[in-house]
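> Need coordinates for the below:
(one chain, ligands or ions: 1)
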Amino acid sequence: MRFRSTRGGETVSFSEAVSQGLAPDGGLYLPQEFPDLKSHLDQWIGLDYPCLCREFFRFFATDLSSEDLENCVHSAYVNFSNQHTAPMIDLSKNWKCLELFHGPTLAFKDFALQLLGNLYELQIEREGKHLCVLGATSGDTGAAAISGLLGKKGVKVFILYPKGKVSPLQEMQMTCTDAGNVFPIAIDGTFDDAQRTVKELFADLEFRAEVHLSAVNSINLARILAQSVYYLYAWLRLPVDEREVTSFVVPTGNFGNVFAGWLLTKMGVKISEFRVATNQNDVLHRLFNSGEYSLDEVKPSLAPSMDIQIASNFERLLFYFLNGDASKVNEVMRIFRENGRYCFENFDISGFSSVSASDGEIPNLIQMVKREYDYLVDPHTACAFKDLDPEKRAVILATAHPAKFPAVYREAGMEIPVSTSLEKLKDRESRSYEVQVDTSSIRSFILDRIS
Ligand SMILES: *Cc1c(COP(=O)(O)O)cnc(C)c1O
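This next block holds a predicted model:
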């Protein structure tokens, strides 16, 4: 299988797409063609999570041996604390919750980043090249990336995060690791400032080649594919007559998670709808409603991992919306970069709906779910319950463990959820770096640390 960029260019292998993250032309990688999974689905019903993941990746990671793939996948999920890896809980007759927070950092991003860490390690072993991983985070990505790459030989990890805008526990997950290969960088600015700097460094091709830069943001295709697996795992466990009438409701920021689910529809898996749930940073909600993709200020919210305005992965959907016309994708992205907005005429993407929950609504949604279904959701997952129709079948993706965000419960006068793995962090020493958020300062910081 080969992979191509949303903006054209030459195709690359799976391993190249993984190690590069962002394509050299600034686009995002996508599979050049899709396997038809229909004839495999019946055989996959009883598989446990790692086995399903392996079977799925066989179609894409065609330049890895089956033994290597097997090793990468199996060790990725051994640190998950639930035997089903992604258990599905019944909330009501029509609603199910897919719990994606049983990994080491208690958020869904562990699914992809534990695997990505192993893929990187394998590549370093094979090629003897060192890697320098650079990412921006609004909290959970950084923590999950660091956990996935902790102590891996030949990898140095640089994670930029907005100082004071991630939750204290998220910050501890990044800074209390004791690992010599991890550099959490607190910047004065927003997540988008951090992400822009990361993108600019990736655009500096000379620097990129010199330090072997790789991306862990959800622009990395391996992350997307790893996330497709839990949608498939959930879908296979639905009663057959419910599969095609059940929507997936997805707390959304960068559009990576929901795009991963949607990709399955290109592989013959029938899913009726994806419901995109945003917080008050509602760029995607506005897009799905009006066809206008436009920048706004980032408003810090109670669901900080969705505090973004530019949803990088939207470019991937755009590629299919524009019928695979890379030059058109280039043009839309250029106009968007220049004007901060782009208006689509007849923006009609079937299979999606959207909703946006404000900070005023999030605590009420948490309390409503607790009262009606005796289930505690985190502030990101809470957004998914806004205006959700109890008469319609839905799988709600629970993206984080509530214990990561204690302040929300404290303020709502609720019992504060705890997690033993987070409590342990509090005894560790924290280490982070403060660097100005401009490309030249970050570039020199990295160069100093890798030489
Ligand atoms: C990252 C994150 C999201 C948003 O996921 P995207 O792939 O950026 O859309 C939602 N909830 C939590 C808890 C997250 O960590």
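> Mind pulling up the pLDDT for residue 279?
For residue 279, the model assigns a pLDDT of 97.
> residue contacts, residue 73?
With contact taken as CB atoms under 8 Å, 6 or more residues apart in numbering, residue 73 is in contact with 50, 53-54, 57, 115, 118. C-beta coordinates here come from the backbone N, C-alpha and C atoms, glycine included.
> do residue 107 as well
With CB under 8 Å, 6+ apart, residue 107 has these contacts: 100-101, 140, 143-144, 305, 399-401, 404.
> Now the two most distant members of those.
Farthest apart among those by CB to CB are 100 and 143. That separation is 14.3 Å.
> who's more crowded, the two?
residue 143 (32 against 25; other CB atoms under 10 Å).
> Could you double-check that the more buried one lies in contact with residue 105?
Yes: contact criterion CB atoms under 8 Å: residue 143 and residue 105 qualify, at 4.4 Å.
> Common neighbours of the two, please.
Taking CB under 8 Å, 6+ apart as the criterion, residue 143 and residue 105 both touch residue 173.
> contacts for stretch 279-292?
Contacts for stretch 279-292 (CB under 8 Å, 6+ apart): 252-253, 255, 276, 278, 293-296, 298-299, 301-303, 306-311, 314, 341-347, 349, 352-359, 362, 380, 383.
> Keep only those of the residues you listed that are in helices.
Secondary structure from DSSP state H places 314, 362, 380, 383 of the contacts of stretch 279-292 in helices.
> Could you list which of those also contact the ligand?
residue 380 (CB under 6 Å from any ligand atom).
> Separate out the buried members of the ones in helices among the contacts of stretch 279-292.
314, 362, 380, 383 (16 or more other CB atoms under 10 Å).
> which two of these lie the greatest distance from each other?
Most distant of those, by CB to CB, are 314 and 362, 23.3 Å apart.
> Remind me what the longest helix seen in the chain packs against, helices and strands.
For the chain, the longest helix by residue count, based on DSSP H, is helix 109-127. Helix 109-127 is packed against helix 14-20, helix 66-76, strand 131-136, helix 140-149, strand 155-162, helix 221-237, with contacts defined by 3 or more CB pairs under 8 Å, 6 or more residues apart in numbering; DSSP states H and E.
> hey, which helix or strand in the protein has the poorest pLDDT?
Counting by mean pLDDT, DSSP states H and E, the chain has its least confident helix or strand at strand 213-215, which shows a mean of 85.
> Where does the prediction get shaky in the chain?
218 (pLDDT under 70).
> So which residues on it come close to the ligand?
107, 109, 140, 218, 251-257, 305-306, 380, 399-400.
> From those, keep the buried residues only.
Of the residues of the chain next to the ligand, these count as buried by 16+ other CB under 10 Å: 107, 109, 140, 218, 251-257, 305-306, 380, 399-400.
> now, which of the contacts of stretch 279-292 lie within strands?
By the criterion of DSSP state E, membership of those in strands covers 276, 278, 293-294, 341-343, 352-356.
> Sort out which one of those residues lies nearest residue 369 for me.
Among the ones in strands among the contacts of stretch 279-292, residue 355 lies closest to residue 369 (CB to CB), at 14.8 Å.
> Who are the contact partners of that closest one?
275-278, 285, 383, 386-388.
> now the residues you listed as TSV including distance to residue 34?
What follows is those, written out as TSV (distance: CB to CB, whole Å):
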residue	distance to residue 34
275	23
276	22
277	26
278	27
285	28
383	30
386	32
387	32
388	30
